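In: sequence unknown, structure follows:
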């Protein structure tokens, strides 16, 4: 019995490897398929060297993720004038993508205490989340977090006002 298994394994492996190689057209050079296959299945057209058993699936393109940033006035959850204008474009883009996962991350500059900035960055993220929900995005797909002053876009010393650090980042996938 062991001898039979030792013989079957290499033979089976050889058939599998040869089945996907370029030397598989055993039907004949002038026929792409047998009469039996023609009678049972719809016609199958093969280019030279292809096998119906080793068909490569068409590539599936993953949706491109979208990232946006909105900036805030000092010590507020109110957008800068430029971000106020951009917000509608960003919100529309997120809504049109019908994303299954949206991450909103709030940030602040270093102009106040760490505890205060943590709470402020959270309020900013909550504001953007609420804006998206009001426009029709499902609250179930939105995750928010806040980093306070710990992940600065522009490195600054403590107690420095910098508008580019007062932001919310939106990542839609």
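Out: That came through fine. What you are looking at is a predicted structure, and each value in this text was computed from that prediction instead of being measured.

In: which helices and strands does the longest helix anywhere in the chain pack with?
Out: The residue-count maximum for a helix in the chain (DSSP state H) belongs to helix 114-134. Judged by 3 or more Cβ pairs under 8 Å, 6 or more residues apart in numbering; DSSP states H and E, the packing partners of helix 114-134 are helix 81-97, strand 102-106, strand 142-146, strand 167-172. For glycine as for every other residue, the C-beta is placed from the backbone atoms N, C-alpha and C.

In: a markdown table please, covering the ones you listed and showing distance to residue 133.
Out: Below are the helices and strands packed on helix 114-134 laid out as a markdown table (distance: least, Cβ to Cβ, whole Å):
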| stretch | distance to residue 133 |
| --- | --- |
| helix 81-97 | 11 |
| strand 102-106 | 10 |
| strand 142-146 | 7 |
| strand 167-172 | 13 |
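
In: point out where this structure drops to low pLDDT.
Out: The chain contains residues with pLDDT under 70 at 1-11, 13-56, 62.

In: again, 90 this time
Out: Scanning the chain for pLDDT under 90 picks out 1-64, 97-99.

In: show me the protein divided up by domain.
Out: Per automatic domain parsing, the structural domains of the chain span 1-59, 66-172.

In: coming back round to it: got CSV for the helices and strands packed on helix 114-134, with mean neighbour count and distance to residue 124 too?
Out: Formatted as CSV, the helices and strands packed on helix 114-134 follow (neighbours: other Cβ atoms under 10 Å; distance: least, Cβ to Cβ, whole Å):
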stretch, mean neighbour count, distance to residue 124
helix 81-97, 15, 11
strand 102-106, 23, 4
strand 142-146, 17, 8
strand 167-172, 23, 5
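
In: minimum distance to residue 119: which of these has it?
Out: strand 142-146 (8.2 Å; Cβ to Cβ).

In: what's that closest one packed up against?
Out: Applying 3+ Cβ pairs under 8 Å, 6+ apart, we find strand 142-146 packed against strand 102-106, helix 114-134.
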